[in-house]
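In: Here is a sequence together with a model predicted from it:
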Amino acid sequence: MSVWKFAIVAAGTALVLAGCGNSGADNGGSGQSCTPKGGGSGTAAQVVKVVNNPSGTGKYDPQTVSVKTGDTVEWDFQDSAFSHSVTSDDNTTFDSCLQTAGAKFQVTFSTAGSFPYHCTIHADMTGTVKVG
Ligand SMILES: [Cu+2]
């Protein structure tokens, strides 16, 4: 009986370890690795909080921000329940990759336009940055 208990605990520990080891590199969803794109630094003109959503999985607060050309937007990851990403809908302009609470991601927008973005693992999470 005690031998079986030990075996089950050991298997559980192995699963937990495998899960942790995986989250570092393979954080792009669908098993693809993800390299952050478009990140910058500077003084944020607007801060978007990435927070838990009681009726869903997460949300960007506010969902739409407007900045001037050349301004920097910062995303402040505050959801301790789920990882989220800030990924431009064209998948090339910017991508934070999946981040956990405490992370920050900044993008400087040097061209005018409307830049919709989403979370790669939560289809209900969308936002837009309006520049110009
Ligand atoms: Cu998400």
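Out: Nice, I can see it.
In: Could you tell me which other helices and strands the longest strand seen in the chain packs against?
Out: For the chain, the strand with the greatest residue count under DSSP state E is strand 122-131. For strand 122-131, the packing partners by 3 or more Cβ pairs under 8 Å, 6 or more residues apart in numbering; DSSP states H and E come out as strand 59-61, strand 64-67, strand 113-119. In this view, the C-beta of every residue, glycine as well, is placed from N, C-alpha and C.
In: Dump those into TSV; add distance to the ion, mean neighbour count and mean pLDDT as well.
Out: Output for the helices and strands packed on strand 122-131, formatted as TSV (distance: least, Cβ to the ion, whole Å; neighbours: other Cβ atoms under 10 Å; pLDDT from 0 to 100):
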stretch	distance to the ion	mean neighbour count	mean pLDDT
strand 59-61	9	20	98
strand 64-67	17	16	98
strand 113-119	3	18	98
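In: Of all those, which one is nearest residue 90?
Out: Between residue 90 and the helices and strands packed on strand 122-131, the shortest gap by Cβ to Cβ is with strand 113-119, which sits at 8.5 Å.
In: Show me the strands paired with the closest one, marking each as parallel or antiparallel.
Out: Sheet pairing here is set by DSSP bridges, and for strand 113-119 it gives strand 87-88 (antiparallel), strand 122-131 (antiparallel).
In: What's the first helix or strand after the least confident helix or strand in the chain by mean pLDDT?
Out: When each helix and strand of the chain is scored by mean pLDDT, DSSP states H and E, helix 2-25 comes last, with a mean of 40. Going down the chain from helix 2-25, the next helix or strand is strand 44-51, by DSSP states H and E.
In: picking up where we left off before, go through the strands paired with strand 113-119 and pick out the most buried.
Out: Mean neighbour count (mean count of other Cβ atoms under 10 Å) peaks for strand 87-88 among those, with a mean of 22.
In: Give me the distance between residue 67 and residue 126.
Out: Plainly put, residue 67 is 18 Å away from residue 126 if you go by Cβ to Cβ, to the nearest Å.
In: thinking again about what came up before, mind putting the strands paired with strand 113-119 into JSON lines with mean pLDDT and distance to the ion?
Out: Below are those laid out as JSON lines (pLDDT from 0 to 100; distance: least, Cβ to the ion, whole Å):
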{"stretch": "strand 87-88", "mean pLDDT": "98", "distance to the ion": "10"}
{"stretch": "strand 122-131", "mean pLDDT": "96", "distance to the ion": "3"}
